[in-house]
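Undergrad: Build me a model from this:
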Amino acid sequence: MTDPISDMLARIKNASLAGHPEMIVPMSKMKAKIAQILTDKKFIRSFNEEGEGIRKELRISLKYFQNDRNQNLPFIQGLRRVSKPGQRIYVGKDKIPFVKSGHGIAIISTSKGLLSDSEARKRGLGGEVICEIW
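TA: Numbers count the residues shown, from 1 in each chain. A predicted model of the protein is given here:
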């Protein structure tokens, strides 16, 4: 697999569109930090690390809401991988994107670790735009 972050985002998107309550992805520190940001920003319910050694996995509990017709709709309406292995996208602190006019978030890889767009703006840090979620 050449891009494990894209794989994780695709799995989240597919599981939420299929209505699954939770999903599993192979574990990495970066994926765990992305899941932590999504939990803090209330895009997913929770996540847990499971397994031992190289068999570690992340179990992500997805979040849904009911519309006026009592249909369960995924809380994550869309996601997009911005910076890819073949084309890295970097932004300065003044150019951090506002996703869907502030209704979504961007995840930025900064010198202080992975941060949400609002946290990166607050700290005055730019970096690589990993993905956008709305």
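
Undergrad: so how far is the lengthiest helix in the chain off the chain centroid?
TA: In the chain, with assignment by DSSP state H, the single longest helix is helix 4-18. With Cα atoms, centre = their mean, to the nearest Å as the basis, helix 4-18 stands 10 Å off its chain's centre.

Undergrad: packing partners for it?
TA: strand 22-26, helix 29-40, strand 57-62, strand 79-81, strand 127-133 (3 or more Cβ pairs under 8 Å, 6 or more residues apart in numbering; DSSP states H and E). Every residue, glycine included, has its C-beta placed from N, CA and C.

Undergrad: Report how many residues lie close to residue 85.
TA: Using other Cβ atoms under 10 Å, residue 85 is surrounded by 10 other residues.

Undergrad: Contact partners for the nearest residue to it once chain neighbours are set aside?
TA: Of all residues not flanking residue 85 in the chain, residue 3 sits nearest, at 5.4 Å (Cβ to Cβ, 6 or more residues apart in numbering). Shown here is residue 3, whose contacts under the criterion Cβ atoms under 8 Å, 6 or more residues apart in numbering are 81, 84, 85.
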